[in-house]
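**Student:** Return atomic coordinates for the entry below.
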Amino acid sequence: FCPMPESDIPTRFQSWRPTAGKHPLRYPKTWVLVSVSLLLLFILFGDREEPSETTSNTVSGVRPAIAVLPFRNETVDKSAGLFASELVEDIVLDLARLPALDLISISSVRALNGLDLNHREIGSLLNVPYVLDGTVQKASPNLRVTAGLYETAMGRQLWSESFDYPAGDEQALQKDLVQKVVSSLSISVKSDEANLFGRNFTDNREAWFLYKRAMNLANPPGETARLELAQNAFEHLIEMDAGFAGGYAGAAYTRAFKVLFGHSEVPFADRQAVVELAARAREIDPSFGLTFSALAFIHMSKREFEAALQMSAKANELQPNDPCINAYHGLIVAAAGDLERGIEYAHHALRLDPLHVRSPYLNILGLLNFLAGHYEEALNALQRNQERGGPLGAGQMRVLAAAYSKMGESTKAESVSYTHLTLPTKI
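**Tutor:** Numbering: from 1, shown residues only. The predicted structure is shown next:
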C-alpha cells in the first residue's frame, strides 16, 4: 500500500501544485531553533502516562523474508504483460497479510527495474534470503505461469513449477501460487488468513490503481499540497468505486494527517469527517488496516495515547507488512511511552521498504532516536535520508540541527540552521 513511483500519478491530480512561501522562517541562533524544536516535540511526546501492558510485545523476531519480482511476459501479447503485473500485485497482497513473513514492498522491488541483476545481487540489495520469480505464457485457451523460488545466498533454485489455468480463473492460480510459497517457507498460517488468499480488496483494477497512487501523494505527510492532492484523489475514488473501503479510509487518512500535523484549517470539522469516513470504511471492509491508522492519528491529535495505540495496533495486526503502518505505529508507540519499541517499528518499516527514497521512515527513525537520547543514531538516520534524496522539511532539519548540537557540533548545527531552515513552514 505504500508509495508508488511519482511518474505514475495521474496527470489530473498533478494540476494543483504548491507555491513557494513568501516569508520563510529564519533562525539566527541555534539555541532558539533547538528550543522551538524541543517544545514542539514535548507537545507531542511529553507529559504522557506509562504504557499499558498492550505495548509489551516485541517487534523483532526471526521471520523468513521474501521479495516477489516482476513476472516476465514471454509472449508478444500485451494483455499477458498486464496479467503478469496484476498477478504479482495480487500475490504480494496475499503474502502481505501474513505476520509470520517479512515481505519486501513492491516500491523497493521496482526501484531495481532496468538493472541487470541476478538473484544473489537482488538478495543483497534488498537483504532478503528468498525471491519469487516467474514468467507468463499463453497456451490458448489456458494461461501458463511458471514460477520459481530462489535462495539468494547461493543463487540456487529451490523449486520451479508450471501452473496452467483457464482464462478467467486467475484467483485459483493466485491462491495456489501463494500456498506453494507459504508451504516452501514453512510458514504457519491461520485458517482465517488462508481463507483470504485470492481475495482482493476490490475487483475494480482502475480503482486499485488510483488508490496506490493517492497513497503515494499522501506520503510523506509534511507537504500540505500533496495531502490536498491525495484527498482529492481519494474523494474521486469514492465516486469511482463506492463499494471499496480504500476510498473512505484514504480520505480519512489524509484528513487525520492534516489535523495531526497542524495543516487543517478546520480541525474540529476534519476530526468529525474522519470518524464518519472511517465508520463507512469499517462497514464495507473491517479488515482494511488504513482505517484504523486514521483513527489512531485523530486520537493522537487529542493526546489520547492509549486509544491511539489500540487503533494503531489493530492497523498493524491487519496489515503487518505495510511499511507506512509500521512506521507510524512506531511513532504512536513512542508517544505512548515506549521509545525503544517505537524505534524497532521504524527499523522494521525500513526493512520492509529499504529502497523507496520518498518514504518517511528514516526521518521517523531519526526523530525517535533523538528523543531516546541516541544522538549518533539520529544523525546517521537523518544524514542517510539527505544523502539518498529523501523528503526534507523544516521539521526534519530542526531535529538534525538539535542532534548536532547535542553531539557538541555547534558549527554544523548552525550551518544546518542557516543553510536549510529557509524552507516554508506553517509550524
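**Student:** Now do stretch 400-413: distance from first to last residue.
**Tutor:** 8 Å (Cα to Cα, to the nearest Å).
**Student:** quick one: it to chain centroid distance?
**Tutor:** Centroid separation for stretch 400-413 versus its chain: 30 Å, with Cα atoms, centre = their mean, to the nearest Å.
**Student:** what pLDDT, on average, does that stretch get?
**Tutor:** Mean per-residue pLDDT for stretch 400-413: 92.
**Student:** do the same with stretch 366-381
**Tutor:** 97.
**Student:** ok, now stretch 81-88?
**Tutor:** Computed over stretch 81-88, the mean pLDDT rounds to 87.
**Student:** And stretch 109-123, by the same measure?
**Tutor:** Per-residue scores along stretch 109-123 average to 95.
**Student:** And stretch 202-217, by the same measure?
**Tutor:** Mean predicted confidence for stretch 202-217 is 91.
**Student:** Tell me how far it lies from the chain's centre.
**Tutor:** That offset, for stretch 202-217, works out to 14 Å (Cα atoms, centre = their mean).
**Student:** Can I get it in PDB? Just the C-alpha atoms.
**Tutor:** Output in PDB follows, covering the C-alpha atoms of stretch 202-217 (Å, rounded to 0.1, in the frame of the first residue of the first chain):
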ATOM      1  CA  THR A 202     -11.700  -4.500  -4.900                       C
ATOM      2  CA  ASP A 203     -12.100  -6.100  -8.300                       C
ATOM      3  CA  ASN A 204     -12.000  -2.700  -9.900                       C
ATOM      4  CA  ARG A 205      -8.500  -2.500 -11.200                       C
ATOM      5  CA  GLU A 206      -8.700   1.200 -12.100                       C
ATOM      6  CA  ALA A 207      -9.800   1.900  -8.500                       C
ATOM      7  CA  TRP A 208      -7.000  -0.100  -7.100                       C
ATOM      8  CA  PHE A 209      -4.500   1.700  -9.400                       C
ATOM      9  CA  LEU A 210      -5.800   5.100  -8.200                       C
ATOM     10  CA  TYR A 211      -5.700   4.100  -4.600                       C
ATOM     11  CA  LYS A 212      -2.000   3.200  -4.700                       C
ATOM     12  CA  ARG A 213      -1.100   6.500  -6.400                       C
ATOM     13  CA  ALA A 214      -3.200   8.500  -4.000                       C
ATOM     14  CA  MET A 215      -1.200   6.800  -1.200                       C
ATOM     15  CA  ASN A 216       2.000   8.000  -2.900                       C
ATOM     16  CA  LEU A 217       0.700  11.600  -2.800                       C
END
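**Student:** So which bits of it are buried?
**Tutor:** For stretch 202-217, the neighbour count (16 or more other Cβ atoms under 10 Å) marks 202, 204, 207-217 as buried. (C-beta placed from N, C-alpha, C; glycine too.)
**Student:** Without its sequence neighbours, what residue ends up closest to residue 386?
**Tutor:** Computed as Cβ to Cβ, 6 or more residues apart in numbering, the closest residue to residue 386 that is not its neighbour in sequence is residue 392, at 6.8 Å.
**Student:** typo on my end, residue 188
**Tutor:** Per Cβ to Cβ, 6+ apart, closest to residue 188 is residue 100, 5.5 Å.
**Student:** related to what we said a few turns ago, just want the phi and psi numbers for the residue nearest to residue 386.
**Tutor:** With angles defined as degrees, to the nearest 10, residue 392 sits at phi -120, psi 140.
**Student:** again with residue 117
**Tutor:** phi -120, psi 140.
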